[in-house]
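J.: this is a predicted model, with the sequence first.
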Amino acid sequence: MNAMQKRFLKPLVFALCLLPAVILAWQLYAGQLGANPIDEVADASGEWTLRFLLITLMVTPLKRLFGWHWAVRIRRMLGLFAFFYASLHLATYLWLDQFFDWGEIWLDILDRPFITVGMLAFVLLLPLVVTSTNTMMRRLGRNWKHLHRLAYVVPLLGVLHFWWLVKADVLEPLVYGAVLVVLLGFRIRRRTSANVAARERCVS
Ligand code: HEM
C-alpha cells in the first residue's frame, strides 16, 4: 500500500461505515420506514451492530489468508463503529421504545431473556471500547489480549439475542451464527497450531 492509499484508507472506511446510519436517518426523515419506524430503526441498528462485530473479527483471518495487512489499520475503527451502532440501538430502545421509564426498563431486562442478553452484550462491549486506545493497550500488556477475547463473546450474545427475538424464522440469526462459528474456528485452529509448534520447539 503506497502513501497515497494509506492517507485515504481511514477517511474512506469512516465514510462507508457511517453510510448505513446516514441512509437510515434519511429514510426516517423522508417517512420511508413504513408504519412502525421505531421498530425499523431498532432492527437496522441491531443488525448493523452485529455486522460490524463480525467484520471486525474478519480482519485477522483476512490478513493471514490474503496478506491484507492494511486491514489491521482499520480494525479499531470497525470495532468502534460496532459500538456506535449498538449505542444507537440501545438509545432507540431507551428513548423511543421505553421513553426513559427506568422502572419499566429494569423490569424488561429482568423479565425478557432476549433483552437481558442484549444488555449483557452491550455492557461487555464497554471494556473493549475503554481499552481500545494505544495507551490502554500498552498499560494492560498481556491482559489486553485476554480481555479482548470478549470480542467473540459479544457477537455470540448478539446472535443469541436475535435468535430469542425472532422465535420461528431463525434463518437470519443462523447465518450470523454460522459466520461467527467459522471465525471462531479460525481462531481456535490458529491457537492449536501455535501450541503444537511451541511444543515441538521445546522437544527438539
Ligand atoms: C451488542 C449488543 C446488541 C446486538 C448485537 C443486538 C442485535 C440485535 C439484532 C440483530 C436485532 C434484530 C434485528 C432484526 O429483527 O432484524 C435486535 C433487536 C432488538 N434489540 Fe438488540 N442488540 C444488542 C443490544 C441490545 C440492547 C442493549 C437492547 C435493549 C436493552 C436491545 C433491544 C432490542 C430490541 C427491543 C429489539 C427488537 C426491535 C424491534 O423489532 O422492535 N438490543 N438486536
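T.: Happy to help now that I have it.
J.: any idea how far the helix or strand of the chain with the lowest mean pLDDT is from the chain center?
T.: Least confident helix or strand of the chain, by mean pLDDT, DSSP states H and E, is helix 171-203 with a mean of 89. Offset of helix 171-203 from its chain centre (CA atoms, centre = their mean, to the nearest Å): 18 Å.
J.: what of stretch 28-48?
T.: Remark: stretch 28-48 is offset 20 Å from the chain centroid, using CA atoms, centre = their mean.
J.: how about stretch 30-50?
T.: 18 Å.
J.: hmm, that stretch touching the ligand?
T.: Yes: applying CB under 6 Å from any ligand atom, one finds stretch 30-50 in contact with the ligand at Asp39, Ala42, Asp43, Gly46, Glu47, Thr49, Leu50. Yep, even glycine has a C-beta here, placed from its N, CA and C like the rest.
J.: list the buried ones in that stretch?
T.: Using 16 or more other CB atoms under 10 Å as the test for burial, stretch 30-50 gives Leu33, Glu40, Val41, Ala42, Asp43, Ala44, Ser45, Gly46, Glu47, Trp48, Thr49, Leu50.
J.: tell me what the helix or strand containing the fourth one is packed against?
T.: Think Ala42. Using DSSP states H and E, Ala42 sits in helix 37-66. Here helix 37-66 touches helix 3-29, helix 72-91, helix 150-166, helix 171-203, going by 3 or more CB pairs under 8 Å, 6 or more residues apart in numbering; DSSP states H and E.
J.: show me where the protein dips below the pLDDT cut-off.
T.: Counting by pLDDT under 70, the chain contains low-confidence residues at 204.
J.: those residues of it touching the ligand, which are they?
T.: Contacts of the chain with the ligand, taken as CB under 6 Å from any ligand atom, map to 39, 42-43, 46-47, 49-50, 86, 89-90, 93, 97, 115, 118-119, 121-122, 125, 154, 158, 161-162, 165.
J.: no further queries at this time; thank you.
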